[in-house]
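*Asks:* Quick one, fold the following:
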Amino acid sequence: MAFFESEIVQEEAKRLFNDYQELMKLGADYGKFDREGKKMFIDTMESLMSRYRVFMKRFELSEDFQAKMTVEQLRTQLGQFGITPEQMFDQMNTTLQRMKGELENSE
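*Replies:* Numbering: from 1, shown residues only. This is a model prediction of the structure:
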């Protein structure tokens with residue numbers, strides 16, 4: 001079975017996309033959240049990034065041609081901005097850590 005024909009892959013891709021879209025809509029009001037709301041947002045974003053990392057690792061480990069092409073396309077697209085997928089995840093993590101630090105310093 002081709003990588004993208006897998007029902008599991010399709011479901012997780014759909015869930016990741018929908019969860020990300022919802023979180024971004026919610027994040028537009030981040031500045032209005034109380035302390036607990038901000039903490040929940042950060043925790044949810046960390047969880048989503050972890051799920052996305054696992055999802056991308058499946059692509060990288062797959063022998064499927066389309067999966068390999070998808071990884072290469074992502075690398076090419078990010079490369080246009082001078083970063084790798086690993087650097088993208090590191091930057092996201094750095095941002096989340098900074099947000100946590102700001103939250104802790106605002107006590």
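
*Asks:* what ranges do the helices span in the protein?
*Replies:* Remark: helices assigned in the chain by DSSP state H are 7-27, 35-61, 65-79, 85-105.

*Asks:* Give me the spatial nearest neighbour of K39, chain neighbours excluded.
*Replies:* L103 (6.4 Å; Cβ to Cβ, 6 or more residues apart in numbering). For the C-beta atoms, the positions are set from N, CA and C on the backbone; glycine is no exception.

*Asks:* What residues does the one you found make contact with?
*Replies:* Counting by Cβ atoms under 8 Å, 6 or more residues apart in numbering, L103 touches 35, 38-39, 42.

*Asks:* In TSV: the helices of the chain, plus mean pLDDT.
*Replies:* Formatted as TSV, those follow (pLDDT from 0 to 100):
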stretch	mean pLDDT
helix 7-27	93
helix 35-61	94
helix 65-79	92
helix 85-105	93
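
*Asks:* mind listing what the closest residue to V71 other than its chain neighbours touches?
*Replies:* Computed as Cβ to Cβ, 6+ apart, the closest residue to V71 that is not its neighbour in sequence is F59, at 5.0 Å. Contact analysis of F59 by Cβ under 8 Å, 6+ apart lists 3, 67-68, 70-71.
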